[in-house]
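Chemist: I need the structure of the sequence given here:
(one chain, ligands or ions: 1)
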Amino acid sequence: MCGIVGILGNHEAAPNLVAALKRLEYRGYDSAGIATVNAGVLDRRRAVGKLANLNDTLVHDPLAGKTGIGHTRWATHGAPTIANAHPHQAQDVAVVHNGIIENFRELRAELAAAGIACQTETDTETVALFTQLHMDKGLSPVEAAFATITKLQGAFALAFLFQGQDDLILAARMGPPLAIGHGDGEMFIGSDAIALASLTDRITYLEDGDRAVVTRAGVEIRDAKGTLVNRPIRRIEIDASHVDKAGHKHFMAKEIAEQPAVLANTLKHYLTDGGEILLPDPGIDFTAFDRVTMVACGTAFYACMTAKYWFERIARLPVEIDVASEYRYREPPIPGRTLALFVSQSGETADTLAALRYCDGKAERIVSVVNVPESSIARESDLVLPIHAGVEVGVASTKAFTCQLTVLLMLALKAAHARGEIDGTSLANHVDALRGLPALMHLGIGQSPQIQATARKLSEARDILFLGRGIMYPLALEGALKLKEISYIHAEAYASGELKHGPIALIDKHVPVVVMAPNDALFDKTVSNMQEVMARKGKVVLISDAKGLDDAGDGVWDQVEMPACPDVIAPILYAVPAQLLAYHTAVAKGTDVDQPRNLAKSVTVE
Ligand code: AGP
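Modeler: Take a look at the predicted model:
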C-alpha cells in the first residue's frame with residue numbers, strides 16, 4: 001500500500017510534499033515522512049500516526065529545500081514506528097517505497113555478509129543500503145540505484161533522493177502505479193495523479209519495469225531492458241479542490257447522505273431521456289458472449305455478487321464471480337466468448353489488477369467498472385464504465401457501492417434486452433424503477449434517527465449476525481463487512497436458509513441478528529428463518545417495508561422501516577440502512593470512522 005511523492009520544485013518542497021501526501025492518505029496512515037535536499041544536504045523528518053503528526057513535527061523542526069520525497073505508510077514489514085517509517089536513509093541516499101520486496105531476507109543476508117546491519121524491520125531499508133553500497137564502490141547515484149533495482153524481486157514503486165543532488169530524483173516501477181508530473185521548470189512524482197492534482201495536470205504513467213531519471217528539465221525513461229522509451233504525457237482532469245465534509249461529522253456520513261444526488265448523476269450519464277441505456281464507445285455487444293466473469297475485492301466483490309443475480313435472472317447470462325485475491329491462483333480456464341468484468345472503486349487494488357492481467361489475452365473483452373477513470377485498472381481495460389460517484393474519502397465504501405450496483409444493474413438490463421430476454425416494455429419498467437431510486441434513497445436516509453437508536457443498542461454487542469436471502473444475501477455480507485471495519489464488532493453474514501446448517505448454534509440472547517428482508521418473493525421464507533432465530537432468544541432487528549413489518553414484525557427486538565420498492569432495486573436501496581447501522585454503531589463506540597485501524601482505502605499490495 002503506501003503513497004509516495006516527489007518534488008523537484010522552485011519553492012520550498014515540504015508544504016507541497018505534505019499536501020500531496022494528504023491526498024494519498026487513502027493508501028495508508030500508520031506513519032509518514034519526508035526527506036529533502038537543501039544546498040546539497042540530505043535530511044528527513046518522520047512521525048508515527050496520521051499526517052497531522054508529521055505536520056506538527058515539521059512545525060517544531062522544519063525541513064528546508066526545494067527537492068524532496070515523501071511517504072505515507074500502511075505497514076507491511078515492521079510495526080508503525082519512527083524507525084520503520086519512510087524515507088529510509090543510508091548515509092547519502094533516501095528511499096520511499098510502495099510495495100513489497102519479496103527477497104528482502106536474502107538481501108539482508110547479503111548485506112550482513114558484507115558487514116552491513118539493518119536498523120529497521122522493513123524490506124525497504126535494504127534498497128537504501130544496497131544503493132549506498134554500490135555508491136561506495138564507485139557507482140554514480142543513477143548507476144547505484146539501477147544496480148539495486150535489478151536485485152529486487154516483488155512489487156515496488158520507488159523514489160530515490162541523494163545527498164549532493166538538488167536536481168535529481170530517480171523513480172522505478174514494478175507493479176504498483178507511479179506517475180510523473182510535468183510542470184514548468186518543475187517535475188513531480190506521485191503514486192497517482194490525484195496526489196499531484198494541485199501541482200500539475202500533465203501526467204506520464206510509468207509502465208512495469210520502467211526506471212525514470214527525473215530532473216527539473218524533464219524525465220528520461222528506460223524500460224526494463226534499459227532501452228530509452230517515450231511514454232505519452234496525458235492531460236488529465238482532476239478536481240484539485242479540497243474535498244470537505246460539507247458540515248457532516250465524518251466523510252462517511254457525508255458520503256451516505258449524498259447518495260441520492262450522486263446516484264441521480266450516475267443515472268444521468270447512462271440513461272437517455274427516452275429510457276435507453278447508453279454505454280461509452282464502443283459499447284458491448286452482449287450477443288457475442290456466453291458468460292461473464294466478475295472479479296473484485298471487498299465491497300466491490302459484494303457488488304459483483306449482487307450483479308450475478310441480475311445477470312443470471314434477468315439476462316439469462318451465466319456469471320462466475322471470485323474474489324481477486326483467489327482468482328488467478330486457482331488458474332481458472334477462460335472459455336471463448338467470456339466477458340471479463342472488474343469492479344473497483346479505486347481502480348488500483350493490486351489483486352484486482354493482477355486478476356485483470358490474468359484475463360488479458362484469454363477473455364474476449366475486458367471491461368472495468370471504476371470510480372477513478374485515470375486508474376491502472378481503467379487504463380488496462382478495453383472499455384471503462386465510470387460510476388461517477390465522485391471522490392470517496394471514507395475508508396468504508398458507501399456511495400461507490402451503490403453506484404457500482406447501479407451501473408451493474410444497467411449493464412444487466414442492457415444485456416437482457418440485447419439478448420431478447422426482456423422486451424422494450426419490461427426494460428422501460430426497470431429503467432423507471434432505477435429512476436425512482438434517488439427519491440427512495442432519500443426516504444431511506446430519513447430513517448437515520450431510528451437507525452441511530454438501534455445502533456446504540458447494537459454497539460453493546462460482541463457478535464452480530466446478518467441474514468439475507470436471494471439477492472439480499474450479498475447485502476447481508478456487505479452489512480457485516482461495513483460493521484466490522486468501522487465498529488470493530490465481530491459480524492458474520494449468512495444466507496438465511498443456511499442458518500440451520502450450522503450458524504444457528506451461535507444464537508442466544510446476547511446475539512443481535514439483523515435481517516434484511518424487503519417484502520419480496522422470498523419474504524415468507526426469510527421470516528421462517530427469522531422465527532427460528534427468535535425461538536432461540538436471538539434479538540432480531542428486522543429491516544423491511546411497512547407491509548413486511550406489519551406481517552412479521554411481532555416479537556422482534558427492533559425494526560427499521562424502508563420505503564416499499566420494486567424488487568430489482570431493493571439491494572441498492574437497502575444498502576442505506578446497512579451503511580447507517582454500521583456508521584451509527586461506530587460513532588456510538590467512538591471509533592475512527594473515516595480511517596479505521598489497520599485499514600487503508602486502497603489496497604495496493606497483495
Ligand atoms: C469497503 O468498505 C472496503 N474498505 C474494501 O472492502 C474495498 O471495497 C476493497 O478494498 C476494494 O477496493 P476497490 O473497490 O478500490 O478495489
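
Chemist: tell me the spacing between the residue in the stretch 401-550 of the chain that the ligand sits nearest to and Gly181.
Modeler: Nearest residue of the stretch 401-550 of the chain to the ligand: Glu485, at 5.7 Å (C-beta to the nearest ligand atom). Bear in mind the C-beta positions are built from the backbone N, C-alpha and C, glycine included. From Glu485 over to Gly181 the distance is 32 Å, taken as C-beta to C-beta, to the nearest Å.

Chemist: just Tyr302 next, same as before
Modeler: 35 Å.

Chemist: for Leu475, which non-adjacent residue is spatially closest?
Modeler: In space, and not counting its chain neighbours, Leu475 is closest to Pro571: 4.9 Å by C-beta to C-beta, 6 or more residues apart in numbering.

Chemist: that neighbour contacts Arg469, doesn't it?
Modeler: No: with contact defined as C-beta atoms under 8 Å, Pro571 does not reach Arg469; the gap is 11.8 Å.

Chemist: Leu467 in helix, strand or coil?
Modeler: On the three-state scheme (DSSP: H, G, I helix; E, B strand; the rest coil), Leu467 is labelled strand.

Chemist: what's around it, how many residues?
Modeler: Close neighbours of Leu467, defined as other C-beta atoms under 10 Å, add up to 30.

Chemist: now it: how far from Val541?
Modeler: Taking C-beta to C-beta, one finds Leu467 at 10 Å from Val541.

Chemist: now the common contact residues for these two.
Modeler: Val513, Val514, Val515 (C-beta atoms under 8 Å, 6 or more residues apart in numbering).

Chemist: so the closest residue to Ala546 other than its chain neighbours: helix, strand or coil?
Modeler: Closest residue to Ala546 in three dimensions, ignoring its sequence neighbours and counting by C-beta to C-beta, 6+ apart: Glu561, at 5.9 Å. The assignment at Glu561 comes out as strand when based on three-state DSSP.

Chemist: my read: Leu107 touches Ile101, true?
Modeler: Yes: using C-beta under 8 Å as the test, Leu107 is close enough to Ile101 to be in contact (7.0 Å).

Chemist: and the two? which has more neighbours close in?
Modeler: Ile101 (24 against 21).

Chemist: leaving out chain neighbours, which residue sits closest to that one?
Modeler: Asp123 (4.0 Å).

Chemist: report the separation between the one you found and the ligand.
Modeler: Distance, Asp123 to the ligand, by C-beta to the nearest ligand atom, to the nearest Å: 22 Å.

Chemist: next, the contact list for that residue, please.
Modeler: Asp123 neighbours (C-beta under 8 Å, 6+ apart): Thr76, His77, His97, Ile100, Ile101, Phe104, Gly154.

Chemist: check the fifth one and give its pLDDT.
Modeler: pLDDT, Ile101: 92.

Chemist: ok, now how distant is it from the ligand?
Modeler: Distance from Ile101 to the ligand, by C-beta to the nearest ligand atom: 23 Å.

Chemist: that residue reaches Val127, doesn't it?
Modeler: Yes: using C-beta under 8 Å, Ile101 makes contact with Val127 at a distance of 6.8 Å.

Chemist: now list whatever residues contact both of those two.
Modeler: Leu152, Phe156.

Chemist: now the strands for the stretch 51-200 of the chain?
Modeler: Ranges of strands in the stretch 51-200 of the chain, per DSSP state E, counting those that start in this stretch, are 67-73, 88-90, 93-101, 154-162, 169-174, 179-182, 187-190.

Chemist: most neighbours per residue, which of these?
Modeler: Among those, ranked by average contacts under mean count of other C-beta atoms under 10 Å, first place goes to strand 67-73 (a mean of 31).

Chemist: output that one as PDB, restricted to C-alpha atoms.
Modeler: Extracted C-alpha coordinates of strand 67-73, given in PDB (Å, rounded to 0.1, in the frame of the first residue of the first chain):
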ATOM      1  CA  THR A  67      13.700  19.000  -3.800                       C
ATOM      2  CA  GLY A  68      12.200  16.200  -1.800                       C
ATOM      3  CA  ILE A  69      10.400  12.900  -1.500                       C
ATOM      4  CA  GLY A  70       7.600  11.800   0.900                       C
ATOM      5  CA  HIS A  71       5.700   8.800   2.000                       C
ATOM      6  CA  THR A  72       2.500   7.800   3.900                       C
ATOM      7  CA  ARG A  73       2.700   4.300   5.200                       C
END
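
Chemist: who touches stretch 437-453?
Modeler: Residues contacting stretch 437-453 (C-beta under 8 Å, 6+ apart): 256-257, 259-261, 263-264, 267, 402, 406, 558, 560-563, 565, 569, 572-574, 576-577, 580-581, 584.

Chemist: make it 6 Å
Modeler: Residues from elsewhere that reach stretch 437-453, judged by C-beta atoms under 6 Å, 6 or more residues apart in numbering: 257, 259-260, 263-264, 560, 562-563, 565, 569, 573, 576-577, 580-581, 584.

Chemist: what do you get for stretch 375-393?
Modeler: Stretch 375-393 is contacted from outside by 177, 243, 251, 255, 262, 265-266, 269, 342, 344, 347-348, 353, 356, 365-371, 373, 399-400, 403-404, 407, using C-beta under 6 Å, 6+ apart.
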